[in-house]
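Trainee: Kindly generate the corresponding structure for this input.
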Amino acid sequence: MINPETVEVDREVKAAYVRYAKSVVAETIDVWEEGTVAADVDAAGNVLGIEVLGFDDETLSHARVFAQEHDLAFPPRIEAPA
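Mentor: Now for the predicted structure:
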């Protein structure tokens, strides 16, 4: 399982980006609900990062399932910092 390199959280817009690798993004694919969860992939189809818009349980659940399907570790908790 690949662990994230970084996790960036923007509490103003309730968004997070979980980065697994730095490389050229070839495509951003919608994972769930038109970009609420999206993944950046390289030309070979490797997941570089997962973007999450919203910190509700359902949105995070879809992000976790996608990560697990791609052998990626997803942070157990993502929320807006205090």
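
Trainee: Starting from G45, give me the distance back to E27.
Mentor: 9 Å (C-beta to C-beta, to the nearest Å). Backbone N, C-alpha and C define where each C-beta goes, glycine included.

Trainee: dump the residue contacts of the nearest residue to R64 once chain neighbours are set aside.
Mentor: Nearest non-adjacent residue to R64, counting by C-beta to C-beta, 6 or more residues apart in numbering: F74, 4.7 Å away. F74 makes contacts with P4, V18, I50, A63, R64, A67, Q68, as judged by C-beta atoms under 8 Å, 6 or more residues apart in numbering.

Trainee: So what's the residue count around the residue lying closest to I78 once chain neighbours are set aside?
Mentor: Among residues not flanking I78 along the chain, A16 sits closest, at 4.8 Å (C-beta to C-beta, 6+ apart). Using other C-beta atoms under 10 Å, A16 has 23 other residues around it.

Trainee: what do you get for V7?
Mentor: So V7, with other C-beta under 10 Å, has 15 neighbours.

Trainee: Cool, thanks, signing off.
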